[in-house]
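Engineer: I would like the atomic coordinates for the input below:
(one chain, ligands or ions: 1)
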Amino acid sequence: MNIRAILPDIFYVGVNDREKHRFESLWPLPHGVSYNSYIVRSHKTALIDSVEVRESLTLFSHLDEVLGGTEIDYLVVNHMEPDHSGSIPLLAAKYPEMKIVGNKQTVAMIGGFYGITDQERFVTVCDGDKLDLGEITLRFLMTPMVHWPETMMTFAEERRILFTGDAFGTFGALNGGIIDFETDTALYLEEAYRYYSNIVGKYGKFVQRTIEKTAPLAPEFICPTHGPIWHESIAEISAIYDRLSRYHSEPGTTIVYGSMYGNTEAMAEAIAMALAARGEKRIRIHNAGKDSLSHIISDAFRYDGLIVGAPTYSMTLFPPVDTFMKAMQTRETQNKVLGLFSSFTWASAAGKALEGYAEAMGLQVAAKTEMKQGINNEIRADIEKFADSFMSELHKSRYARLR
Ligand code: FEO
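Structural biologist: Residues are numbered from 1 along each chain as shown. Next up, the predicted model:
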């Protein structure tokens, strides 16, 4: 039973999912994921967000335990992605008097996804609207595109608890502890990079607006829809979201390469050694043909240096590297010191394709090199020059950030 009183009248009633292999059928879940729901209980009772439809029975058992068979007056829908809205039709049937609280777009999506269109069932709210539960007032804040257009947050004013939807969320099922001080947060803070970059990465400017909007509330608890409740570590999780949404990276270099027979890989290894020889210690190397896109994107978001290399494949960019670059373009990647390397056997195409992505993202190329067929002393000498140029730009960029 994952039930935890956060305060005497506010309960965690969410569920863990340790079965699903990939979130959104895309992103690996080696540590599982939680879908967080909360009960706010005063004269009236509100359930904040629901869970994936397959986890509905577990949610219901938690609700029965906490509520002892009493009714839910309101279901507040902060976010409509089905990992949080999948249980709505079953909840609506179980609690026929329950009103569903959301904004205009929420109401339209509930009609579209679940066929619930009876307007009598809805309480439609706008930014700043309040719902009086008795001794607790819920205030609604519209936070569009964090992560869908209808997303909003709910603030329990008298308790200073902010229910944030996907924002400040992270991968990882909860391992007994529900609130950050009850658990080892290292795993969740580490996974926050992957969660942010994979799921929310495209919406940096909206996350920034949300941070500006919610910071003055100075919540004592941040209750996201995934991962632990933040109390002692609010500053840490907020800093990660703030930094990543500004595209501000940590010192380090991610090298992403594709290679069919090891020739382009030899360039990646030589580049890594040349960077290490120039003092770059934190280097993460990913083989795009083998490593999960999820972890590659996460490191590429996290660190300020990015070097990408690929062979030419049927006169195109080697497909796994193309997928990676497309993902970075989709996420409107900024503020990277970029290096590019490429190879070909008889006709060159990969280098130009990589430069095309750089141009589309508005990123300057700090260093580039190209190899025909296999590595030799001429290429090795070129890689030394590549490393000089790349590290010079990286140092300039880091120095500029310190000022
Ligand atoms: Fe956890 Fe955007 O859903």
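Engineer: Residue ranges in the protein under the pLDDT threshold?
Structural biologist: In the predicted model, the chain carries pLDDT under 70 at residues 1.
Engineer: That one - how does it break down into domains?
Structural biologist: Using automatic domain parsing, the domain parsing of the chain gives 4-245, 250-402.
Engineer: Compute the first-to-last residue distance for the shortest one.
Structural biologist: Just to be clear, that refers to domain 250-402. 12 Å (CA to CA, to the nearest Å).
Engineer: How far away from the center of its chain is it?
Structural biologist: Domain 250-402 sits 23 Å away from the centroid of its parent chain (CA atoms, centre = their mean, to the nearest Å).
Engineer: try the longest one
Structural biologist: From the chain centre to the centre of domain 4-245 is a distance of 15 Å (CA atoms, centre = their mean).
Engineer: how long is it from one end to the other?
Structural biologist: End-to-end for domain 4-245, by CA to CA: 31 Å.
Engineer: again with stretch 78-85
Structural biologist: Using CA to CA, the distance between the terminal residues of stretch 78-85 is 9 Å.
Engineer: does that stretch come close to the ligand?
Structural biologist: Yes - counting by CB under 6 Å from any ligand atom, the ligand is contacted by stretch 78-85 at H79, E81, D83, H84. The way it works is simple: take the backbone N, C-alpha and C, and place the C-beta from them, glycine included.
Engineer: among these, which two are most distant?
Structural biologist: Using CB to CB, the pair of the residues of stretch 78-85 next to the ligand lying farthest apart is H79 and D83, separated by 8.6 Å.
Engineer: Neighbour count for those two, which is higher?
Structural biologist: Counted by other CB atoms under 10 Å, H79 and D83 do not tie: H79 has more neighbours, with 26 against 22.
Engineer: Secondary structure element holding that one?
Structural biologist: Per DSSP states H and E: H79 is located in neither a helix nor a strand.
Engineer: Is it correct that it is in contact with M145?
Structural biologist: No - contact criterion CB atoms under 8 Å: H79 and M145 do not qualify, at 11.2 Å.
Engineer: Mind listing the shared neighbours of those two?
Structural biologist: Residues touching both H79 and M145 (CB atoms under 8 Å, 6 or more residues apart in numbering): T151.
Engineer: Most proximal residue of the stretch 1-150 of the chain with respect to the ligand?
Structural biologist: Closest to the ligand within the stretch 1-150 of the chain is E81: 3.4 Å, counting by CB to the nearest ligand atom.
Engineer: Spit out the contact partners of the closest residue to that residue other than its chain neighbours.
Structural biologist: Nearest non-adjacent residue to E81, counting by CB to CB, 6 or more residues apart in numbering: W148, 6.1 Å away. The contact partners of W148, by CB under 8 Å, 6+ apart, come to H79, M80, E81.
Engineer: A310 touches P319, doesn't it?
Structural biologist: No - using CB under 8 Å, A310 is not in contact with P319, being 9.1 Å away.
Engineer: okay, these two: which has more neighbours?
Structural biologist: For A310 and P319, the more surrounded residue by other CB under 10 Å is A310, and the numbers stand at 31 against 14.
Engineer: Look up how far A360 lies from the more buried one.
Structural biologist: 16 Å (CB to CB, to the nearest Å).
Engineer: Could I get the buried residue list for stretch 352-359?
Structural biologist: A353, L354, E355, Y357, A358 (16 or more other CB atoms under 10 Å).
Engineer: Could I get the phi/psi values of the spatially closest residue to Q364 that is not a sequence neighbour?
Structural biologist: Among residues not flanking Q364 along the chain, L338 sits closest, at 6.9 Å (CB to CB, 6+ apart). When read as degrees, to the nearest 10, the backbone of L338 gives phi -110, psi 130.
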